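sequence and computational prediction follow.
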Amino acid sequence: MTATLPDVATITRTDYDVPAQEPDDGKRASVKAWRRELADWLRAHGIGATGPAWASATFGERDLTTLRRIAADSGDDGALVRHWAGYVMPSALTSGDMTDWGIVAGGPVSDPETGAVWIVATRSHVGATDHDAREAVTATQDVELTADIPVRVTRGKGDLTAR
C-alpha cells in the first residue's frame, strides 16, 4: 500500500514556528507567554504539555521525534494528545498510532544497515456471524518505512483541524 507523500510543511507546521528558548528578561509576563507558546506548539504536534516531554522542551529540546519518543516512553496517559491527527517521522511512531497500514503495536525499530524503520501494524475486522457469536479476525504485518518520509497518524478520533 502506498500512501501519498505529504508536503514537508505538514511536519514543521508553518502556523506554529519553533518556540524560542526561555526569555532571559526575568519578567513573569514574558515567561508566562513563552510557556503558553511552547505548550501550544507541543499540542499542535500531538505531544501533551506535561511530564518528561514538557520538561525536556522547557530545557531546550526542539526535535519533535525526540520529544514524541520521550512522551511515548514516559508511561503517562496524557503525554500524547488523545485526539490528534497529523504527520510524524517513522521513528516517532508509538503504540496506538493509527496509520494507513493499521494500528502500530509497540515501537519502531531502525535497521542500521538500510536506515529503514520497521513497525508492526495490526488490523482487526469482524468475521462471519453465527447469529450468537461474531468472530474478530486480527491480521498483523511488518511494515518497512523510509526513515525520512513522514507518516500520516491519527490518535483516538483525530482532530481534523490539526492537519
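Perfect, thanks for sending it.

now the element after the longest helix along the chain, going C-ward?
The longest helix of the chain (DSSP state H) is helix 28-44. Downstream of helix 28-44, the first helix or strand assigned by DSSP states H and E is helix 51-58.

mean confidence score for the helix or strand just after that following helix?
Following helix 51-58 in sequence order, the next helix or strand is helix 64-73 (DSSP H and E). Mean per-residue pLDDT for helix 64-73: 93.

export helix 64-73 as PDB, just CAs?
C-alpha atoms of helix 64-73 as PDB (Å, rounded to 0.1, in the frame of the first residue of the first chain):
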ATOM      1  CA  LEU A  64       9.800  16.600  17.500                       C
ATOM      2  CA  THR A  65      10.800  13.000  17.100                       C
ATOM      3  CA  THR A  66      12.800  13.100  20.300                       C
ATOM      4  CA  LEU A  67      10.000  14.800  22.200                       C
ATOM      5  CA  ARG A  68       7.400  12.300  20.900                       C
ATOM      6  CA  ARG A  69       9.600   9.300  21.900                       C
ATOM      7  CA  ILE A  70      10.100  10.800  25.400                       C
ATOM      8  CA  ALA A  71       6.300  11.300  25.700                       C
ATOM      9  CA  ALA A  72       5.600   7.800  24.400                       C
ATOM     10  CA  ASP A  73       8.200   6.100  26.700                       C
END
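
how about the contacts made by the nearest residue to residue 144 once chain neighbours are set aside?
Leaving aside its chain neighbours, residue 144 sits nearest to residue 116 (5.0 Å; criterion: C-beta to C-beta, 6 or more residues apart in numbering). From N, CA and C alone the C-beta is placed, and that goes for glycine too. When the contact criterion is C-beta atoms under 8 Å, 6 or more residues apart in numbering, the partners of residue 116 are 110, 144, 145, 146, 147.

what's the burial count for the fourth one?
By that I understand residue 146. 13 (other C-beta atoms under 10 Å).

quick one: it from residue 116, how far?
Distance of residue 146 to residue 116, computed by C-beta to C-beta, to the nearest Å: 7 Å.

what ranges does this structure have for its strands?
84-88, 98-99, 102-104, 109-110, 117-130, 133-145, 151-155 (DSSP state E).

could I have the buried ones of the contacts of residue 116 as ChimeraX selection syntax?
Those of the contacts of residue 116 that count as buried under 16 or more other C-beta atoms under 10 Å are selected in ChimeraX with:
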select :145
